[in-house]
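Undergrad: what's the 3D shape of this:
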Amino acid sequence: MKEHNKTLGEFIIENQKSFQYSSGELSRIINAIRLAAKVVNYKVNKAGLVDIVGAAGEQNIQGEDQQKLDVYANEIFIQTLINREIVCGIASEENDDFITVRGSDNSHTNKYVVLMDPLDGSSNIDVNVSVGTIFSVYRRITPVGTPVALEDFLQPGVNQVAAGYVIYGTSTMLVYTTGHGVNGFTLNPAIGTFYLSHPNMMFPKEGIIYSINEGNYVHFPQGVKDYIKYCQLEEGDRPYTSRYIGSLVSDFHRNMIKGGIYLYPTSSKAPKGKLRLLYECNPMAFIAEQAGGKASDGFGRILEIRPTELHERVPFFCGSYAMVEKAEDFMRNAKK
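TA: Below you'll find the model as predicted:
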């Protein structure tokens with residue numbers, strides 16, 4: 001079978017043997033995410049025609065205005081995962097606390113927890129810019145048979161067994177890894193099936209794109225300011241090209257294909273950074289490393305950070321390996 005004719009379902013079945021704990025649950029989680037993504041994709045593509053754009057009138061735990069599609073996507077992914085009876089717990093960027101999931105027999109026998117950002121970049125919905133879903137899967141560490149606990153979610157990113165994202169753009173793609181490389185699947189909307197379109201995705205080691213909100217330049221630490229000036233200096237392949245969409249999934253996806261670095265550092269306005277370790281940085285870092293890239297907080301590996309709270313924020317430097325290393329050099333030199 002030609003690679004581009006292979007469906008996501010066929011790919012999952014063929015590769016199930018490579019899962020560390022091959023009992024079928026992880027495959028069913030990916031299938032559940034595939035189903036929820038198709039439902040959300042349908043709503044995203046109708047956003048201009050129905051009353052689903054704009055603010056929902058509520059704020060999430062981070063104090064950010066929730067968009068109507070935020071709320072909708074959150075409900076769809078949570079209900080799809082619960083209905084499939086394949087996870088013991090769910091944590092979402094949109095919820096204050098984690099959700100404990102029981103089986104139909106009221107048991108706690110499932111082994112996996114899912115953490116997610118159900119609609120990343122949703123403030124862009126009103127202006128028809130690409131948005132996405134980010135997800136992360138861990139094997140629980142509390143005993144099977146007991147209710148899920150906070151410690152099951154506060155695991156370092158190196159413990160992830162799967163992570164991925166869905167990008168709802170000019171085409172809808174699901175990109176994921178289970179620790180054996182990164183593969184991308186594009187939705188054929190005519191028949192509602194995802195096909196393998198981007199096998200073995202890899203970051204170019206070097207790139208020429210840097211993605212950062214330069215409007216916050218005066219608030220950035222000196223190391224980031226120095227790196228931006230380096231990117232703008234005319235020497236060798238430089239000046240680099242600045243490309244910033246403001247939707248993490250979109251910026252990351254472009255940089256993985258074309259080569260580049262995404263930066264969301266600390267600032268005087270966000271002293272801990274803005275992106276969430278558990279819902280955004282860890283899954284994207286796992287994907288980046290599996291695709292030959294690098295992910296850092298400016299000084300060390302994202303995946304080795306030990307979380308202390310569900311909605312913890314960290315600075316995030318992610319992309320082509322050599323570019324992230326260079327940014328880290330500037331951060332270390334500025335600190336001397």
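Undergrad: I figured residue 290 hits residue 179, correct?
TA: Yes: using CB atoms under 8 Å, residue 290 is in contact with residue 179, at 6.7 Å. C-beta: built from backbone N, CA, C; applies to glycine.
Undergrad: Compare neighbour counts for these two and give me the winner.
TA: Set residue 290 next to residue 179 and count neighbours by other CB atoms under 10 Å: residue 290 wins out with 20 against 14.
Undergrad: In contact with that one, which residues are there?
TA: Counting by CB atoms under 8 Å, 6 or more residues apart in numbering, residue 290 makes contact with 177, 179, 180, 181, 182.
Undergrad: and if you look at residue 331?
TA: By CB under 8 Å, 6+ apart, residue 331 lies in contact with 221, 223, 224, 227, 298, 299.
Undergrad: Around the first one, count how many other residues there are.
TA: Neighbours of residue 221 under the rule other CB under 10 Å: 19.
Undergrad: Can you read off the pLDDT for it?
TA: Predicted confidence (pLDDT) for residue 221: 97.
Undergrad: Check the fifth one too.
TA: Listed pLDDT for residue 298 reads 97.
Undergrad: Pretty sure it sits in a strand.
TA: No: under DSSP: H, G, I helix; E, B strand; the rest coil, residue 298 sits outside any strand and is assigned coil.
Undergrad: The nearest residue to it once chain neighbours are set aside is in what secondary structure piece?
TA: Distances taken as CB to CB, 6 or more residues apart in numbering put residue 331 closest to residue 298, at 4.4 Å, once the chain neighbours are dropped. Following DSSP states H and E, one finds residue 331 within helix 321-335.
Undergrad: list the buried ones in that helix?
TA: For helix 321-335, a neighbour-count test (16 or more other CB atoms under 10 Å) marks 321, 322, 323, 324, 326, 327, 328, 330, 331 as buried.
Undergrad: between those, which is nearest residue 80?
TA: Among the buried residues of helix 321-335, residue 324 lies closest to residue 80 (CB to CB), at 34.2 Å.
Undergrad: how long is stretch 244-253 from one end to the other?
TA: Using CA to CA, to the nearest Å, one end of stretch 244-253 lies 12 Å from the other.
Undergrad: domain parsing for the chain?
TA: What automatic domain parsing lists as the domains of the chain is 3-198, 209-335.
Undergrad: hey, least reliable of the ones you listed by pLDDT?
TA: Looking at the domains of the chain, the weakest mean confidence is domain 3-198, a mean of 86.
Undergrad: chain center to that one, what's the gap?
TA: Computed by CA atoms, centre = their mean, to the nearest Å, the chain-centroid distance of domain 3-198 equals 10 Å.
Undergrad: What is the burial count for residue 169?
TA: Neighbour tally, residue 169, other CB under 10 Å: 18.
Undergrad: what about it, distance to residue 186?
TA: 10 Å (CB to CB, to the nearest Å).
Undergrad: and if you look at residue 281?
TA: From residue 281 to residue 186 the distance is 25 Å (CB to CB).
Undergrad: of those two, who's got more company?
TA: Legend: neighbour count by other CB under 10 Å for residue 281 and residue 186, higher for residue 281 (31 against 19).
Undergrad: Make sure that one is actually in contact with residue 316.
TA: Yes: between residue 281 and residue 316 there is a contact under CB under 8 Å: 5.0 Å.
Undergrad: Overlap of the contact sets of these two?
TA: In contact with both residue 281 and residue 316: 275, 295, 302, using CB under 8 Å, 6+ apart.
Undergrad: so which of those residues is the most crowded?
TA: Neighbour-wise, those (other CB under 10 Å) top out at residue 302, 27 neighbours.
Undergrad: Ramachandran coordinates for it?
TA: For residue 302, the backbone dihedrals (degrees, to the nearest 10) come out as phi -60, psi -40.
Undergrad: Strands of the stretch 201-336 of the chain, residue ranges please.
TA: Ranges of strands within the stretch 201-336 of the chain are 209-211, 241-242, 260-264, 294-296, 316-319, based on DSSP state E, counting those that start in this stretch.
Undergrad: my read is residue 132 is in a helix, agree?
TA: No: according to three-state DSSP, the state of residue 132 is strand, so it is not within a helix.
Undergrad: My understanding was that it contacts residue 173; is that so?
TA: No: with contact defined as CB under 8 Å, residue 132 does not reach residue 173; the gap is 9.1 Å.
Undergrad: Between those two, point out the one with more neighbours.
TA: Neighbour totals were compared for residue 132 and residue 173, and residue 132 leads with 28 against 21 (other CB under 10 Å).
Undergrad: any idea how far residue 253 is from the more buried one?
TA: Taking CB to CB, one finds residue 132 at 8 Å from residue 253.
Undergrad: Overlap in contacts, these two.
TA: The contact sets of residue 132 and residue 253 overlap at 165, 167 (CB under 8 Å, 6+ apart).
Undergrad: Turn the shared contacts of residue 281 and residue 316 into TSV, including distance to residue 335.
TA: Shown next, in TSV, are the shared contacts of residue 281 and residue 316 (distance: CB to CB, whole Å):
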residue	distance to residue 335
275	21
295	20
302	18
